[in-house]
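Peer 1: no sequence on this one, just coordinates:
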């Protein structure tokens, strides 16, 4: 159970103040509308991917199962931050309780770490599909797909729970102002009155393992994919394979770039101002672009969407004709 530590004066910090957007007092409604539209667009794009994947039998493949899982995690990831931010813009209330703050930090980091593990799985899936096509159906069985996604969730939980729980047990004597728009590990570590260097180093090492292990897997997968693609005899096959890989690599670049910038510092309290901008890209911009980059450019998904739209139009037409005149 996360509870605020008692201070030496017998009092305890019961809440934090989020001051990541100083302009919230003057431009609250405008910022609320912009971020609300971005949030809804991200949710709709990712939910559309999930629905189409499960509705269309042509997309009942490991790649699309992993993509729909990735979209679900993305929805959870942005929901851990954006609703709180929208409440700040709308009401101007920037306070968050101690327990809610650490809960948000854990949920955000848990879904974020799971995202990266899923990206590694997606890379391996493409590697097997392109480089080991004969063995691919046997290796990527429905059971294996389920085990891989479950493993990503378990690893994300284990890697992020330990440092966040340890930090929540630190001594907080004030101040309680967080120069960020949500509760993240670095800003919280900077407010602790305890010696948190060992906890910060633990978090740094765990974040290093998550980011660079998954990045190495992606590099291994795509370097082998490129080597295989250039040997394909058909120019059309090479173009199709490169098109799929370029989308994946663009998502990898966006996510790894912002997260390495934010978390790859042993002193998590440093450069909080620049971290805010990178975190905004990571929590608002990237999840908005991911559905377009990753899946909606895919021809199979385009066809599935067109078919689904046709079915909706046909169903609406029959309903109108069935109505009594």
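Peer 2: All right, it came through fine. In this text, all values refer to a predicted model and were calculated from it rather than measured experimentally. Residues are numbered from 1 along each chain as shown.

Peer 1: The closest residue in space to residue 101 that isn't next to it in sequence: what's it in contact with?
Peer 2: Of all residues beyond its chain neighbours, the one nearest residue 101 is residue 183 (4.0 Å), with distances taken as C-beta to C-beta, 6 or more residues apart in numbering. C-betas here are computed from N, CA, C, even on glycine. Applying C-beta atoms under 8 Å, 6 or more residues apart in numbering to residue 183 gives the contacts 16, 18, 96, 100, 101, 102, 104, 105, 108.

Peer 1: what about the strands in the chain?
Peer 2: Assigned by DSSP state E, the strands in the chain fall at 15-18, 95-97, 177-178.

Peer 1: could you dump those strands to a markdown table with mean neighbour count?
Peer 2: Formatted as a markdown table, the entries for these read as follows, by neighbours: other C-beta atoms under 10 Å:
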| stretch | mean neighbour count |
| --- | --- |
| strand 15-18 | 19 |
| strand 95-97 | 16 |
| strand 177-178 | 18 |
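
Peer 1: hang on, the earlier thing: got the contacts of residue 183 as a markdown table, with distance to residue 188 columns?
Peer 2: A markdown table is the format used below for the contacts of residue 183 (distance: C-beta to C-beta, whole Å):
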| residue | distance to residue 188 |
| --- | --- |
| 16 | 8 |
| 18 | 11 |
| 96 | 11 |
| 100 | 12 |
| 101 | 7 |
| 102 | 7 |
| 104 | 10 |
| 105 | 6 |
| 108 | 11 |
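
Peer 1: now, among those, which is nearest to residue 47?
Peer 2: For residue 47, the nearest member of the contacts of residue 183 is residue 108. The distance, counting by C-beta to C-beta, is 19.9 Å.

Peer 1: Can you tell me the number of residues neighbouring the closest one?
Peer 2: Residue 108 has 25 neighbouring residues, counting by other C-beta atoms under 10 Å.

Peer 1: Tell me, please, where in the chain the pLDDT is lower than the cut-off.
Peer 2: Counting by pLDDT under 70, the chain shows low-confidence ranges at 1-12, 21-28, 237-247, 258, 260-277, 294-325.

Peer 1: from what I can see residue 115 touches residue 70, true?
Peer 2: Yes - counting by C-beta atoms under 8 Å, residue 115 sits close enough to residue 70 to count as a contact (7.1 Å).

Peer 1: Kindly provide the distance from residue 210 to residue 168.
Peer 2: According to C-beta to C-beta, to the nearest Å, residue 210 stands 20 Å off from residue 168.

Peer 1: Next, please give the residue ranges for the helices of this protein.
Peer 2: For the chain, the helices identified by DSSP state H occupy 24-55, 62-79, 82-91, 98-131, 136-139, 142-168, 185-191, 197-229, 235-263, 272-280, 286-290, 299-322, in order along the chain.

Peer 1: by how many degrees do the first one and helix 62-79 diverge?
Peer 2: It stands for helix 24-55. Helix 24-55 and helix 62-79 are oriented at 160 degrees to each other (axes from the mean of the first three to the mean of the last three C-alpha atoms, to 10 degrees).

Peer 1: which other helices and strands contact helix 24-55?
Peer 2: With contacts taken as 3 or more C-beta pairs under 8 Å, 6 or more residues apart in numbering; DSSP states H and E, helix 24-55 sits against helix 62-79, helix 82-91, helix 286-290, helix 299-322.

Peer 1: State the phi and psi torsions of residue 134.
Peer 2: In terms of degrees, to the nearest 10, the main-chain angles of residue 134 are phi -70, psi -30.

Peer 1: before we move on, what about residue 232?
Peer 2: Residue 232 adopts backbone torsions of phi -70, psi 140, taken as degrees, to the nearest 10.

Peer 1: so how many other residues sit close to it?
Peer 2: For residue 232, the count of nearby residues is 15 (other C-beta under 10 Å).

Peer 1: roughly how far apart are it and residue 127?
Peer 2: On the measure of C-beta to C-beta, residue 232 and residue 127 end up 15 Å apart.

Peer 1: Then residue 119?
Peer 2: Counting by C-beta to C-beta, the gap between residue 119 and residue 127 amounts to 13 Å.

Peer 1: One more: residue 87?
Peer 2: Spatial separation of residue 87 from residue 127 under the definition C-beta to C-beta is 42 Å.

Peer 1: Among those two, which residue is more densely surrounded?
Peer 2: Neighbours were tallied for residue 87 and for residue 127 using other C-beta under 10 Å; the higher tally belongs to residue 127 (20 against 14).

Peer 1: The more buried one against residue 218, yeah?
Peer 2: No - the pair residue 127 / residue 218 is not scored as a contact, 9.4 Å apart, by C-beta under 8 Å.

Peer 1: still on that earlier bit, which of the contacts of residue 183 sits closest to residue 202?
Peer 2: Looking at the contacts of residue 183 and their distance to residue 202, the nearest is residue 105, at 14.7 Å (C-beta to C-beta).
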